[in-house]
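Chemist: Sharing a model prediction with you, sequence too.
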Amino acid sequence: MKLLHLSEHVACHTCLNSDKGANPSIEMKEAGKGILLAEQSVQHIIIFLLEGEVIYSFGMYHDRRMHSGQVLYLPVGYNLSYRAEAGARLLFIRLDCKLQFCDRYRLEDLVDGAREVQTPLDTRMNSPWLLKMNGALKAYADMLVYCISKELCCRYYNEIKISELLYLFGEFYSQEELGLFFREALSRDAAFSHFVMNNCHKYNSLTALATAMNMTLSGIEKRFRKVFNTSGYKWMNDHKAKKIYHALCTGDHNLKVLSAEFGFASDTAFIRFCKQHLGQTPGQIRKKHT
């Protein structure tokens, strides 16, 4: 079977229904053995590993293993590095929408029912919770792979398939499983958490973020404690620390360059931050993972 209107799809570079940009909403990727690849999550990303095994790192998670038939959630605002143990095929689904399973089943509904999972900010953190593809998700992935093989790249179709994926999550996985899978995105106020997670990297201080959200410093602190159960100052520092840890473990940038990139006024301030939030100096962290 082939597309009956392939020429229209191929020619549709500027049409609203085209999905051929730098980060298409649905994309198949091949990973050759041992080749290090990277992905920056400017949106929430769901990653299906269809074939092979992958070693991946993001945030505080370093050199974790993902097997064929598993699904990974990559929160917005993280850099992912991964390499295949052997040839691997991955399906990336980028969610430029609110995480909601249906009109009456929201991500916020998982907050109370999800099992409490302690994730202290240190290098002993466990792997992220990986879902196993059940029959529904396997059939879903197979259909997407088939359509991609036929060069179907319509944005309208992809939006429908993304909504379908979230619906399938809600229907075929328990609240406990979904709470663990999406735990880094869980909050009691989706609008606030969505803005914070998508924009916090633009601001070097809680005051600057509060100004951007037209809130007072005390007001945004109260909101952080209500939504994330921690202070805004601690949340932003923890988020920055995770990114620094990933950069130190997987990159080769000079430490002075990293210090400037993360907005530190001096190398001393960078070292002090790492010791306070990661328990080691930047040099010690890098040495440990090289």
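Modeler: Structure's in. What do you need? Numbers count the residues shown, from 1 in each chain.
Chemist: Could you measure from Cys154 over to Leu95?
Modeler: 17 Å (Cβ to Cβ, to the nearest Å). The way it works is simple: take the backbone N, C-alpha and C, and place the C-beta from them, glycine included.
Chemist: More neighbours: which of the two?
Modeler: In this comparison of Cys154 against Leu95, neighbours counted by other Cβ atoms under 10 Å, the higher total goes to Cys154 at 21 against 18.
Chemist: Tell me the pLDDT of that one.
Modeler: Cys154 is assigned a predicted lDDT (pLDDT) of 84.
Chemist: Report the residue spans of the stretch 101-250 of the chain with pLDDT below the cut-off.
Modeler: Regions of the stretch 101-250 of the chain meeting the criterion pLDDT under 70 cover residues 113-126.
Chemist: And Phe92, its phi and psi?
Modeler: Comment: the main-chain dihedrals of Phe92 come out as phi -100, psi 130, following degrees, to the nearest 10.
Chemist: Repeat that for Leu49.
Modeler: According to degrees, to the nearest 10, Leu49 has phi -100, psi 110.
Chemist: Count the residues that sit near it.
Modeler: Neighbourhood size, Leu49 [other Cβ under 10 Å]: 25.
Chemist: quick one: contacts for it?
Modeler: Contacts were defined as Cβ atoms under 8 Å, 6 or more residues apart in numbering; by that measure Leu49 touches 66-72, 88-90.
Chemist: Please check those residues and keep the buried ones.
Modeler: Among the contacts of Leu49, those buried by neighbour count (16 or more other Cβ atoms under 10 Å) are 66, 69-72, 88-90.
Chemist: Tell me the one of the residues you listed nearest Asn198?
Modeler: Nearest to Asn198 among these is Leu72, at 19.5 Å by Cβ to Cβ.
Chemist: Wait, that closest one touches His44, no?
Modeler: No: taking Cβ atoms under 8 Å as the definition, Leu72 is not a contact partner of His44, at 11.5 Å.
Chemist: what distance separates the strand or helix carrying Cys274 from the middle of the whole chain?
Modeler: The secondary structure element spanning Cys274 is helix 267-278 (assigned by DSSP states H and E). With Cα atoms, centre = their mean, to the nearest Å as the basis, helix 267-278 stands 25 Å off its chain's centre.
Chemist: Stretch 180-193 too?
Modeler: A distance of 12 Å separates the C-alpha centroid of stretch 180-193 from that of its chain, computed with Cα atoms, centre = their mean.
Chemist: Lovely, talk soon.
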